[in-house]
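Participant: output the structure for:
(one chain, ligands or ions: 1)
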Amino acid sequence: MAAEFTGPPPRTTESTAFAGALDVIRRVEPRVADAIAAEITDQRASLKLIASENYASPAVLLAMGNWLSDKYAEGTIGRRFYAGCRNVDTVEALAAEHARELFGADHAYVQPHSGIDANLVAFWAVLAQKVEAPALARAGARHVNDLTEADWSALRRELGDQRMLGMSLDAGGHLTHGFRPNISGKMFEQRSYGTDPATGLLDYDAVRAAAREFRPLILMAGYSAYPRKVNFRIMREIADEVGATLMVDMAHFAGLVAGKVFTGDFDPVPHANIVTTTTHKSLRGPRGGMVLCDEALAEHVDRGCPMVLGGPLPNVMAAKAVALAEARQPDFRTYAQRIVDNAAALAEGLTRRGAALVTGGTDNHLVLIDVTGYGLTGRQAEEALLDSGIVTNRNAVPRDPNGAWYTSGVRVGTPALTTRGLGTAEMDETADLIHTVLTAAEPGTTAAGAPSKAKYTLEPKIAESVAGRAADLLAGHPLYPQVDLG
Ligand SMILES: *Cc1c(COP(=O)(O)O)cnc(C)c1O
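Facilitator: Residues are numbered from 1 along each chain as shown. Coordinates of the predicted model:
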């Protein structure tokens, strides 16, 4: 008879790696080690429906925590301002190669530290190509340092006097698409296009009319809260007609492009002059950004550092290379398809229970619930859901009566829960949990008795029961099952 097995289960390589790292950190500042360990506990316990978040693989996470971080590597692959960049060259070249192959792009620049930074690199690349280079040519100068004071002064004014046309914030556009609180709004004169009030869908004729009238330098497409596909072939036609550069910010849906859910007219890469993205949202990589572009823009994009970026983060570029290699595997396509299948199931489950969705549904990874029908603001809905163990974020809906702070919507997305392994049946249960909370939550009043946009009431019994059901949903799908810190 075999001896009874009484010892601890064998540790996985991942468990050993993370537990070892925490031990090393704990010797210096135990509170940091504790916070890191607490984060995985929190993430394991929450039903995460934040459309912009995901769970990166252990390989991606571990690629970030090492000595590549110690290198300065300003410049580009093989052309650095610092010596000793052999290994940084290796990881940056790998990340760029995987990005080009994955997306079918002419050129990839993987240094941006975030989505905002990728957009800044792209804006300045377009300005350099379309404003600075012609000015240099007119002056017969090869470099900005060769311009006279007067020519330089004129060029600076010209750079600051350009236009951008992008999607309005309440239709789902992003702050970095020319809005005043962001530097893009201070750089560009901006006008925005919205969606059709009747259908909630992007109205290409309206975009065309706005482009003809406004004649932007950059036509911007892309969004963070629009639940539908965008036809980038039509957007490129519009851009070409008015002489604009088509820039697409695919920060949110890069994973759907990588996973070949968005193809043909809906794949931005073959249509846009320049594409920016984050690497940490549906693409499931490290927190960071990236720019893809055609050959004509490549030399300008490559000047991103040191023009607008600080030294690249070689450890994060290593993690980008790992994540992009993962996204080139066939199972990433399955993952991307499951993201949209899950979003469709969530939308269907919500609609069947009576929720109102902006555009009536979804064909990407996110659903925008208009919560006015529940008598709530977005803020009240978001907090009531959080009390019940469901993590979402409030979001403006088109022509939002409650403005950008309180809002009238809740945005939910499926990339994270899909990574965790939840499927369409669990999405129907999730829809039921959301609907139960939003139905039970009541708007509150201020201390003076006036209606409040922030206060709400929710019976603790209901919050508890929903949180329990949410925990049951998650229990069958452990997060990072290969990581046991115990
Ligand atoms: C998230 C997002 C960004 C910003 O990304 P950061 O990495 O947070 O800077 C930019 N554009 C769009 C469309 C986004 O959704």
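Participant: what about the residue of the chain found nearest the ligand, neighbour count?
Facilitator: Nearest residue of the chain to the ligand: residue 115, at 2.3 Å (CB to the nearest ligand atom). In this view, the C-beta of every residue, glycine as well, is placed from N, C-alpha and C. Applying other CB atoms under 10 Å, we find 27 other residues in the vicinity of residue 115.
Participant: phi, psi for it please.
Facilitator: phi -60, psi -40 (degrees, to the nearest 10).
Participant: mind starting the numbering at 784 from now?
Facilitator: Sounds good: first residue 784 from here, last item residue 898.
Participant: what pLDDT is listed against it?
Facilitator: Listed pLDDT for residue 898 reads 98.
Participant: do the same with residue 787
Facilitator: 65.
Participant: how about residue 790?
Facilitator: Reported pLDDT for residue 790: 72.
Participant: any idea how far it is from residue 1065?
Facilitator: 41 Å (CB to CB, to the nearest Å).
Participant: more neighbours: which of the two?
Facilitator: Between residue 790 and residue 1065, residue 1065 has the larger neighbour count (other CB under 10 Å), namely 36 against 5.
Participant: which secondary structure state is assigned to that one?
Facilitator: coil (DSSP: H, G, I helix; E, B strand; the rest coil).
Participant: what sits closest to it if chain neighbours are left out?
Facilitator: Distance criterion CB to CB, 6 or more residues apart in numbering; nearest residue to residue 1065, sequence neighbours excluded, is residue 1038 at 2.8 Å.
Participant: is it true that the one you found touches residue 1148?
Facilitator: Yes: in terms of CB atoms under 8 Å, residue 1038 counts as a neighbour of residue 1148; the distance is 7.4 Å.
Participant: check the burial of the closest residue to residue 962 other than its chain neighbours by counting its neighbours.
Facilitator: Nearest residue to residue 962, sequence neighbours excluded (CB to CB, 6+ apart): residue 968, at 4.6 Å. Counted with other CB under 10 Å, residues neighbouring residue 968 total 16.
Participant: what strand or helix carries the nearest residue to residue 1025 once chain neighbours are set aside?
Facilitator: Nearest residue to residue 1025, sequence neighbours excluded (CB to CB, 6+ apart): residue 994, at 4.7 Å. Secondary structure from DSSP states H and E places residue 994 in helix 987-997.
Participant: residue 896 versus the closest residue to residue 898 other than its chain neighbours, what's the distance?
Facilitator: In space, and not counting its chain neighbours, residue 898 is closest to residue 1061: 3.9 Å by CB to CB, 6+ apart. Distance of residue 1061 to residue 896, computed by CB to CB: 10 Å.
Participant: same check, this time on residue 1173
Facilitator: Relative to residue 896, residue 1173 is positioned 31 Å away (CB to CB).
Participant: look at these two and report which has more neighbours.
Facilitator: Remark: of residue 1173 and residue 896, residue 1173 carries more neighbours, 23 against 17, as counted by other CB under 10 Å.
Participant: run through the bridge partners of that one.
Facilitator: Beta-bridge pairing for residue 1173 (DSSP bridges): residue 830.
Participant: flag every residue of the stretch 984-1133 of the chain that's near the ligand.
Facilitator: Residues of the stretch 984-1133 of the chain lying near the ligand by CB under 6 Å from any ligand atom: 1005, 1007, 1032, 1034, 1035, 1061, 1072.
Participant: residue 870 touches residue 851, doesn't it?
Facilitator: Yes: Residue 870 lies in contact with residue 851 (CB under 8 Å); the separation is 6.7 Å.
Participant: report the set of residues contacting both of these two.
Facilitator: residue 1097 (CB atoms under 8 Å, 6 or more residues apart in numbering).
Participant: looking at these two, which is more packed in?
Facilitator: residue 851 (20 against 14).
Participant: could you measure from the more buried one over to residue 1261?
Facilitator: Residue 851 sits 30 Å away from residue 1261, going by CB to CB.
Participant: cool, residue 1254 as well?
Facilitator: 12 Å.
Participant: with residue 841 instead?
Facilitator: Counting by CB to CB - residue 841 and residue 1261 are separated by 14 Å.
Participant: what about these two, which has more around it?
Facilitator: residue 841 (18 against 13).
Participant: contacting residues for the more buried one?
Facilitator: Residue 841 touches 797, 800, 801, 1263, 1265, 1266, counting by CB under 8 Å, 6+ apart.
Participant: also residue 1268?
Facilitator: By CB under 8 Å, 6+ apart, the contact list for residue 1268 reads 798, 801, 802, 805, 820, 823.
Participant: for residue 1048, same thing?
Facilitator: Counted by CB under 8 Å, 6+ apart, residue 1048 has contacts 1014, 1015, 1016, 1017, 1054.
Participant: and the closest residue to the second one other than its chain neighbours, how far is that from residue 977?
Facilitator: Looking back up the chat, that one is residue 1015. Distance criterion CB to CB, 6+ apart; nearest residue to residue 1015, sequence neighbours excluded, is residue 1054 at 3.9 Å. When distance is defined by CB to CB, residue 1054 is 22 Å away from residue 977.
Participant: re the thing from before, who wins on neighbours among the contacts of residue 1048?
Facilitator: Neighbour max across the contacts of residue 1048 (other CB under 10 Å) = residue 1015, 25 neighbours.
Participant: related to what we said a few turns ago, shared neighbours of residue 1061 and residue 896, anything?
Facilitator: With CB under 8 Å, 6+ apart as the test, residue 1061 and residue 896 both reach 1071, 1072.
Participant: all the strands of the stretch 784-933 of the chain, residue numbers only.
Facilitator: 830-831, 858-859, 862-863, 890-892 (DSSP state E, counting those that start in this stretch).
Participant: so can I have JSON lines of those showing mean neighbour count?
Facilitator: As requested, those are exported to JSON lines (neighbours: other CB atoms under 10 Å):
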{"stretch": "strand 830-831", "mean neighbour count": "24"}
{"stretch": "strand 858-859", "mean neighbour count": "20"}
{"stretch": "strand 862-863", "mean neighbour count": "15"}
{"stretch": "strand 890-892", "mean neighbour count": "25"}
